[in-house]
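>>> Generate a structure from the sequence data that follows.
(2 chains)
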2 protein chains.
Amino acid sequence: MISQERLQAQIDHMDTITTHAHGAKGINRVAFTTTDWEGRHYLLSLMEEAGLEIRTDAFGNVIGHRRGLREDLPAVMCGSHSDSVPEGGNYDGVCGILGAIEVARSMEEDHFRNERPLEIVLFMCEESSRFGCSTAGSKFMRGFLKQEDLYKYHDKWGNSMYEVLQSRGLRPDDIETCHYTKPLAAYLEMHIEQGKVLEQEQLQMGVVTGIAAPTRLKVRFHGSADHSGATPMAMRQDGLCAASEVILAVEQAAKNQTDPPVVGTVGVIDVDPNAMNVVPGETGIGIDIRSISQQAKDDVLRQVISQTHAIAARRHIPVTVEPLYNDAPVPLHPAMIRFLSECCEAEKASFKQMPSGAGHDAMNWASCTPTGMLFIPCRNGVSHAPEEYADIGDITRAVRVMERVLRTLSRADVDLTHC
Amino acid sequence: MISQERLQAQIDHMDTITTHAHGAKGINRVAFTTTDWEGRHYLLSLMEEAGLEIRTDAFGNVIGHRRGLREDLPAVMCGSHSDSVPEGGNYDGVCGILGAIEVARSMEEDHFRNERPLEIVLFMCEESSRFGCSTAGSKFMRGFLKQEDLYKYHDKWGNSMYEVLQSRGLRPDDIETCHYTKPLAAYLEMHIEQGKVLEQEQLQMGVVTGIAAPTRLKVRFHGSADHSGATPMAMRQDGLCAASEVILAVEQAAKNQTDPPVVGTVGVIDVDPNAMNVVPGETGIGIDIRSISQQAKDDVLRQVISQTHAIAARRHIPVTVEPLYNDAPVPLHPAMIRFLSECCEAEKASFKQMPSGAGHDAMNWASCTPTGMLFIPCRNGVSHAPEEYADIGDITRAVRVMERVLRTLSRADVDLTHC
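Numbers count the residues shown, from 1 in each chain, chains lettered A, B, ... in the order given. Below is the predicted model:
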């Protein structure tokens, strides 16, 4: 009953929900912006069409409930997100949530009698672009973020998360009511790989074995803004030169750590006053380090921090190093990995078991329920960019696997918890 | 008749003409903005109080004319600017134009009978912060910039110089009428040093021997914006990493060139999309190289360009290198240097002859008339920053030297041209 045409039409519609203000390319649905809210509204309408009972929580997460024959049993949850990075693509998150809704719709059309209830969840603010904090929606649902965090995180315009929730008519003062405390039978999420492994190995699906959660820090060099023409090289405290050394140190430290691999990125930089004829003064960068090995990640982190301090000392520039967070890599449930692999085989999808380099909402659920993830290839491995693309055939195949997974897991006699 | 109190009050008033919108610090009078225009209006009123006949040209330059007994003789010109870099200081430019007006006012109060006419000029858009083009006002007056340049230069909001002039009610279509074609007897400009030499040597004044005009280029790496978690280090085309190598190459090449010295700066950088979890794609930087030796500057420029291409090739990132301009260093007039030195001695000011590391409007006049510059110390050598500061005693002393210079040069029998 899974409809490729319907999925394609829904993806096409989501593709129109963006803004190209200020010449922005690709998809712009940064969390809680007007376009993000428009996308949420559309997905909410699809959930209703799929016969789901909708509720929203204080953070704005949307939960579509499909009643089970046994409402007393732990539910099976399946979800993803629809916010984007600035100038991102239309597949990251979108495939997963549209797929989950399509499965519910197929069950509804098929009058499928699920014993366990099903929770289809659209998570808010999965991307860290706005607040420097990823998977915020699922973190609030799991109680990993608290009321005080609403004041801690700010966007680049200086708005706190609290203020942003308020401006959307959400309920920041009741944020702790987001906490999802009911037991779950399982959690499933389908997502584009955001890498090139499946494409290069010509595989149709990936069954994720573990998630490489990010470690992040902010580094700020308090350089001295001086005249670029009249300040001799020896008298400078150039914040951007110091930052450049750190940027290359992050790259080198990550490159050196090959087994298990680590990726290290400086994706954001701000320079003050950022003028052609002024030596850069205050210069800030954001560092993102990831690995499925906590130890490898910590090794790289230690090198980066110690080199940052050495660079600052040598250049006589005061520096502030602020750890944002250091999330532990998340292994996924062995029984779930086996079960998802069997479902891929049953649907005749070629696949491999593989780690996820990117973080996902799934990582927050792995500590409370058997959690699994399915990957599909994306063209050239490109994600978080306008060129992001996934094939509709790959998407539809994955949704068929999802349906098989969810139909089976919704049976009262199937319980992965004890596997 | 030079009044320290009056100069102090005028400096204090200019200090209030700024904006602190968006948390901006220091002085914000970027060319043709509201605050720049407010400052221009105030200086225009001071010129009127000093008895000057005001005219403005198509670019907005303000010329205050003090009639001479012999209007047929070439005039003596004295001027500076009042626009600032973003988050700059209140002394860069301001001391020179206030000093010039104060000399005119003192002559007026003293009923001084100058034989040659005097032209006190407030130049527009001296700073390159807005359009990446420095001393634009004097360049139009000298005919070095043309009508077509109004379409070539754009600010970061995408406005062309043409549009900006129009929005200020100026006359971009008549821009060629700015060209100042009358012969001049001399050009004088007083300015803060914007370096630490005078302060460290405890001198009150500098007589400038030559001006190290800037060479500038834009470099743009066309990197690939990919997911920071899922893109292995070996598969990246990170625009910011490439730019960081160039930033350090500019610094190193300038440091290596010590005699004659060169300064090299990357003051501006923009990264797309500039998000924590995206490998930087398009990354642009602006490079500024200066020396009083054209050859030394060219040597550094050649190294920087060749290293930029090597870095881009090694990283497999397409790169665009766009030269903005390569101005020749400007030696100042030997007779003027001698004469200014004599005037410093006569006013009992300790001084030294020294090069200027920064560009000034003066450099545009040196090819048509004997041109001289006077420097005063500024605290810690800091300029183009909120901490910029010059002592009122130093300023007043310099204005007294200026008055002596201008009274003498305005005599019909003094002609440095033939010295």
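>>> Secondary structure class of the residue nearest to A:Gly372 when sequence neighbours are not counted, three-state.
Leaving out its chain neighbours, the residue that sits closest to A:Gly372 by Cβ to Cβ, 6 or more residues apart in numbering or on different chains is A:Met336, at 3.7 Å. All C-beta spots, glycine's among them, are computed from the backbone N, C-alpha and C. At A:Met336 the chain is in helix, as set by DSSP: H, G, I helix; E, B strand; the rest coil.
>>> next one: A:Gly132
Three-state call for A:Gly132 (three-state DSSP): coil.
>>> okay but it is in contact with A:Asp288, surely?
No - using Cβ atoms under 8 Å as the test, A:Gly132 is too far from A:Asp288 to be in contact (9.8 Å).
>>> between the two, who's got more neighbours?
Per other Cβ atoms under 10 Å in any protein chain shown, whichever of A:Gly132 and A:Asp288 has more neighbours is A:Asp288, with 26 against 21.
>>> With A:Ala362 as the reference, measure out to A:His384.
The gap separating A:His384 from A:Ala362 is 18 Å, by Cβ to Cβ, to the nearest Å.
>>> For the two, work out which one has more neighbours and name it.
A:His384 (32 against 26).
>>> Just the pLDDT at the more buried one, thanks.
Looking at A:His384, its pLDDT is 87.
>>> Could you give the bridge partners of A:Thr283?
On the basis of DSSP bridges, A:Thr283 takes part in beta bridges with A:Phe221, A:Val271.
>>> Pull the contacting residues for it.
The neighbours of A:Thr283, taking Cβ atoms under 8 Å, 6 or more residues apart in numbering or on different chains as the test, are A:220-221, A:223, A:239-240, A:242-243, A:269-272.
>>> Also A:Glu387?
By Cβ under 8 Å, 6+ apart, A:Glu387 lies in contact with A:26, A:89, A:379-380.
>>> pLDDT score for it?
Model confidence at A:Glu387, expressed as pLDDT, equals 92.
>>> And for A:Cys419?
65.
>>> re earlier: now the contacts of A:Glu387 in TSV, please, with extra columns for pLDDT.
Below are these laid out as TSV (pLDDT from 0 to 100):
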residue	pLDDT
A:Gly26	95
A:Gly89	96
A:Arg379	94
A:Asn380	88
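>>> Just the closest of the residues you listed to B:Ser84, please.
When the contacts of A:Glu387 are ranked by distance to B:Ser84 (Cβ to Cβ), A:Gly26 comes first, at 36.7 Å.
>>> shouldn't that closest one be in contact with A:Gly88?
Yes - between A:Gly26 and A:Gly88 there is a contact under Cβ under 8 Å: 5.8 Å.
>>> Please enumerate the shared neighbours of those two.
Residues touching both A:Gly26 and A:Gly88 by Cβ under 8 Å, 6+ apart: A:385-386, A:388.
>>> Pull out whichever of the residues you listed are also neighbours of chain B.
A:Ala385 (Cβ under 8 Å from any Cβ of the partner chain).
>>> After the helix ranked longest in chain A, which helix or strand is next? Please name it.
In chain A, with assignment by DSSP state H, the single longest helix is helix A:294-315. Downstream of helix A:294-315, the next assigned helix or strand under DSSP states H and E is strand A:319-326.
>>> What strands flank the following helix or strand past that next one, and is each parallel or antiparallel?
Next along the chain after strand A:319-326, taking DSSP H and E as the criterion, comes strand A:330-331. According to DSSP bridges, strand A:330-331 has the following sheet partners: strand A:205-211 (antiparallel).
>>> in stretch A:397-408, what's buried?
Judged by neighbour count using 16 or more other Cβ atoms under 10 Å in any protein chain shown, the buried positions of stretch A:397-408 are A:397-407.
>>> Then stretch A:133-152?
A:133-142, A:145, A:149-150.
>>> out of those, who's near chain B?
Okay, of the buried residues of stretch A:133-152 touching chain B (Cβ under 8 Å from any Cβ), that's A:Ser134.
>>> And the helices in chain A?
Using DSSP H, helices in chain A cover A:4-16, A:34-49, A:94-109, A:136-141, A:149-152, A:161-167, A:197-200, A:239-256, A:294-315, A:334-346, A:362-365, A:392-409.
>>> which other residues reach the lowest-mean-pLDDT helix or strand in chain A?
Every helix and strand in chain A was compared by mean pLDDT, DSSP states H and E; the lowest is helix A:197-200, with a mean of 89. With contacts defined as Cβ under 8 Å, 6+ apart, helix A:197-200 is touched by A:193, A:204-206, A:352, A:354, A:375-381.
>>> From those residues, which land in strands?
Among the contacts of helix A:197-200, the members falling in strands (DSSP state E) are A:205-206, A:352, A:354, A:375-376.
>>> Give me every residue in the stretch 251-400 of chain A that's in contact range of chain B.
Contact residues (Cβ under 8 Å from any Cβ) of the stretch 251-400 of chain A with chain B: A:251, A:254-255, A:261, A:263-269, A:271-281, A:286, A:288, A:290, A:356-359, A:381-385.
>>> 7 Å instead?
Applying Cβ under 7 Å from any Cβ of the partner chain, we find that the stretch 251-400 of chain A lies next to chain B at A:251, A:254-255, A:261, A:263, A:265-269, A:271, A:273-281, A:286, A:288, A:290, A:357-359, A:381-385.
>>> Tell me, how many residues neighbour the nearest residue to A:Leu184 once chain neighbours are set aside?
Spatial nearest neighbour of A:Leu184, excluding adjacent residues (Cβ to Cβ, 6+ apart): A:Thr369 at 3.9 Å. Counted with other Cβ under 10 Å, the neighbours of A:Thr369 add up to 19.
>>> what residues are up against A:Thr369?
When contacts are counted by Cβ atoms under 7 Å, 6 or more residues apart in numbering or on different chains, A:Thr369 touches A:184-187.
>>> again, only this time at 8 Å
Taking Cβ under 8 Å, 6+ apart as the criterion, A:Thr369 is in contact with A:74, A:77, A:183-187, A:417.
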